[in-house]
Structure formats: C-alpha cells, structure tokens
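Participant: sequence and predicted structure below; questions after.
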Amino acid sequence: CINGICFVCGNYAQTDKKGYILMRQIGKVVALAAFLGLFLGISFFGPSKDMPFSQVVITYAFQYYQFGYTDIVYITTRMLPYLLFLFLFGTYIYKHFCTAGVYVFSRCENRLKWIAKEIAQLFGFCVLFTVLIPLFGMALACMTNHVTFGKADIYIYFYYVAIYALWLFFVTLLANMLAIRFGGMKGFGLVVIGICVCVALLSLWDNKKVFSLTVEDMEAAKRHAIYLKCNPISHLFISWHSSSDEMVSQYINILEINFNLMFSVVVMAVFSAITAIVSIIYIKKVDLIIMLGREEN
C-alpha cells in the first residue's frame, strides 16, 4: 500500500491513512476557497447598502466585463482563483498514478474502479470549491452591507455552481490526463495556454470588422452571437446569459443576446462527460499505449 492505496487489488486500503489523506485534500479546498473568496470579496467593503446575493455571485463570475482591452486584463486577473485550483489539483490523479507506476497498473484488475474513485473525488473537490467561494464572499459583504436573498439570487447561484463546477472539473481532469500522457507539469501548462487563448480571443468581439455584436446588420449580429457561444470561456460569464424569468434577467443579459443558462450547463456537462470517459479508457489502455509508443520510437 502506498498513500493509502492498495495497488495489488486496485482498491483503497482500509487504513486510517486513507481518511486522513482525503480530509487533508478537503481541508486544502476549503482553505483555498476561503482565502480567494475573502480576497476577491474585499471589493464589497464600502458605504453600507442593500446588496442582492446575486451581485456577490456575479462578482466571482467575471462581473459585468465585456470585450475591451481593459476588460480582458481584468478577466485574466479574475481567472486567478480557478487557475490556482487547477495548479493544486491539475496533477492530483497524475501523482497517484505515478506512485504506483505503469508496471503495477498493467497487472491491476480493478483499474476502472480506481480511476472512477479518483474522478469522483476530483469532481467533489470542484463542487465544494465553487459552492464555498461566493459564500465566503457573502460573509465578508455582510460586514458592511445588508445582503438580500430572493428567488432570482438562488437561481443565479445554482447556475453559477453548476456551470463552474463542471468547467473546473473538465479542465482539471484534462490537465491530469495530459500530465499522465506527457509527464510533469506539461498537462497543466497546455490547459492554461488553452484557457489564455480562449480569453484573448474574446477581444475579437470588440472589433466591428470581426465579430462585434453591435453591428447594424442583425443577421450578422446573430451569427456573431453564435460564434461567441463556441468559445468555452464565454459560458463562464453569468452576466452574459439570458433567462425567461424577468426577475433573473434584471441582473444578467447585459449583451442582450439569446444565451440561456441551461445551455451552458449542458455544454459543460458534455465536455466533462467526454473527458471522464476518455480518461477511463486511457487509464485502462495506458500500458498498451506506452508499449506501442516505444515500439514506434
């Protein structure tokens, strides 16, 4: 057994160390969410006023930024909490995999059970992190403001958690699998580069000669809105989305386009499911893949 994992049978060893390791990881998630939630929540300090909880949530979802150069800079800095989570857990499964090594995994009959547990735990960390960040921010906001709650606030919070948890799970699991394939921090680096490219591409919608949403040609504007939805990062902006509920719409839909919140949940769920399935298949065949790669070299 290594790190509380029995790699002979493919199951977690029934030892106290298993629970300790899991609790330590949960503690790490809570501590990170508390630090980042309070850090970003500093902006809530100011003259006392009524503040809807939805405003707190949207603060952690890139606020009301759009496509200008200054906006892109602020969006990049607001990405920090999620990049830090990715940095800490982007090699979570990779480290456990390397502890055993391919030699042991090639003789482990329950690799599917092992990777399923690892993926489930990683998903749980992602959900916990996204649930807690706005709550810590709310606690800070309550010190100087009167935070109000309504149906629309709970609605927005629910979609924030669903979209961000699924997205964070998708990119973190992808980083782990790329790390297993390419080694070290390369998986993390590749995913971060992809995220940065998607953020940079948002500037194209600030140019009327490219994808601007404010062009006079309505057909072109609708087409540009569809292109925007093809950028994975655009789904993280709660304020860009639309809703059939007027109470919710008053807090979001600043772009005035058809961009339903449930659509983003489905997109992120599909990305996550595909990544999880591919990861399971890859772990099952990883020894064969490596052997074939060596033969080709």
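Facilitator: Everything's here; your move. Numbering: from 1, shown residues only.
Participant: now stretch 133-145 - C-alpha only, CSV.
Facilitator: What follows is stretch 133-145, C-alpha atoms only, in CSV (Å, rounded to 0.1, in the frame of the first residue of the first chain):
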residue,chain,number,x,y,z
ILE,A,133,-16.2,30.8,-2.8
PRO,A,134,-19.4,33.0,-3.1
LEU,A,135,-20.4,32.0,0.5
PHE,A,136,-17.1,33.4,1.9
GLY,A,137,-17.6,36.5,-0.2
MET,A,138,-21.1,36.9,1.2
ALA,A,139,-19.8,36.6,4.8
LEU,A,140,-17.5,39.5,4.0
ALA,A,141,-20.1,41.5,2.3
CYS,A,142,-22.4,41.1,5.3
MET,A,143,-20.0,43.0,7.5
THR,A,144,-20.7,46.4,5.8
ASN,A,145,-23.8,45.7,3.7
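Participant: ok, Asn258 - contacts?
Facilitator: Contact analysis of Asn258 by C-beta atoms under 8 Å, 6 or more residues apart in numbering lists Ala225, Ser242. For every residue, glycine as well, the C-beta is placed using N, CA and C.
Participant: again, but for the one 3 residues further on
Facilitator: With C-beta under 8 Å, 6+ apart as the criterion, the residues that contact Leu261 are Tyr159, Ile163, Ile238, His241, Ser242, Ser243.
Participant: same check, this time on Asn176
Facilitator: Phe89, Gly90, Thr91, Tyr92, Ile93, Tyr94, Leu122, Gly187, Ser279.
Participant: what helix or strand is it located in?
Facilitator: helix 151-182 (DSSP states H and E).
Participant: can you point out the buried residues in that helix?
Facilitator: 152-153, 155-157, 159-181 (16 or more other C-beta atoms under 10 Å).
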